[in-house]
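**Student:** Got a sequence here, can you model it:
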Amino acid sequence: MTKQDFKHSVFSLSELLFPMVSRMLGSTSKAEDAIQEIMIKLWHKRKQLSKHPNIKGFVVLTARNYCLDLLRKKKVLLEDSSDVLKLVKSTNEHLNLEWEELNSHISTILKTIPEQQKEVFIMRDLDGFDFEEIAAALQIKTSHVRVLLSRARKQISITLEKTYSYERGKY
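**Tutor:** Take a look at the predicted model:
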């Protein structure tokens with residue numbers, strides 16, 4: 001793999017990786033450093049990488065594994081990822097309060113669902129990864145990713161419905 005090929009097929013994915021790495025490590029500065037280290041590792045493996053059938057999936061998997069290794073080695077405490085859930089900023093203060101409340105509810109719900117479902121939900125709905133990329137990163141089948149995502153969304157939906165139905169006086 002030439003320098004130009006690497007730049008086009010691997011380095012261009014760094015923007016795609018940044019939200020996931022930032023969320024996993026808990027800060028943007030740590031994520032920037034991690035992305036650099038990941039790209040260096042991938043550069044050293046460029047000969048094997050050129051033969052890989054799913055380069056994008058391999059890059060995502062490498063980034064995820066690097067972050068997990070880093071967290072294990074340094075025993076870094078994850079900061080609350082609620083900043084990831086900031087969905088909408090508006091000039092309307094009332095609307096901002098509603099979004100903050102919704103973000104708070106979703107953060108609480110995410111703490112209660114199984115880890116794999118939470119990871120799939122965040123990777124798909126917040127980080128914007130494709131099913132194939134998630135499957136490659138988690139080393140599971142694409143159909144299993146769809147099942148996990150469906151279950152996570154269903155659990156979030158049920159819990160939110162109970163919360164808001166209760167607030168409206170239906171329960």
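**Student:** buried ones in the helix or strand hosting residue 41?
**Tutor:** When secondary structure is defined by DSSP states H and E, residue 41 falls within helix 28-44. Using 16 or more other CB atoms under 10 Å as the test for burial, helix 28-44 gives 30, 31, 34, 35, 38, 39, 42. To be clear about C-beta, it is placed using only N, CA and C from the backbone, and glycine gets the same treatment.
**Student:** Redo the residues you listed as a markdown table? Include distance to residue 117 and pLDDT.
**Tutor:** Shown next, in a markdown table, are those (distance: CB to CB, whole Å; pLDDT from 0 to 100):
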| residue | distance to residue 117 | pLDDT |
| --- | --- | --- |
| 30 | 25 | 88 |
| 31 | 23 | 89 |
| 34 | 24 | 91 |
| 35 | 26 | 92 |
| 38 | 25 | 91 |
| 39 | 30 | 91 |
| 42 | 29 | 90 |
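**Student:** how about those residues, which pair is most distant?
**Tutor:** Farthest pair in the buried residues of helix 28-44 (CB to CB) is 30 and 42. Separation: 18.4 Å.
**Student:** re the thing from before, how far is the helix holding residue 41 from where the chain is centred?
**Tutor:** Computed by CA atoms, centre = their mean, to the nearest Å, the chain-centroid distance of helix 28-44 equals 16 Å.
**Student:** same question, stretch 109-119
**Tutor:** That offset, for stretch 109-119, works out to 12 Å (CA atoms, centre = their mean).
**Student:** got the end-to-end distance for that stretch?
**Tutor:** Length of stretch 109-119, first residue to last, CA to CA, to the nearest Å: 13 Å.
**Student:** for it, which positions count as buried?
**Tutor:** Within stretch 109-119, the residues that qualify as buried by neighbour count (16+ other CB under 10 Å) are 109, 110, 113, 117, 118, 119.
**Student:** And these, which is closest to residue 25?
**Tutor:** For those, the nearest to residue 25 is residue 119 (14.5 Å; CB to CB).
**Student:** The helix or strand hosting residue 63 - what's its average pLDDT?
**Tutor:** Assigned by DSSP H and E, residue 63 belongs to helix 55-74. Rounded to a whole number, the mean pLDDT of helix 55-74 is 85.
**Student:** what residues are up against the residue most central in space within the chain?
**Tutor:** Residue closest to the average C-alpha location in the chain (CA atoms, centre = their mean): residue 123, at 3.3 Å. By CB atoms under 8 Å, 6 or more residues apart in numbering, the residues touching residue 123 are 20, 129, 133, 134, 137.
**Student:** re the thing from before, run through the neighbouring helices and strands of the helix holding residue 63.
**Tutor:** Contacts defined by 3 or more CB pairs under 8 Å, 6 or more residues apart in numbering; DSSP states H and E place helix 55-74 against helix 14-25, helix 28-44, helix 131-138.
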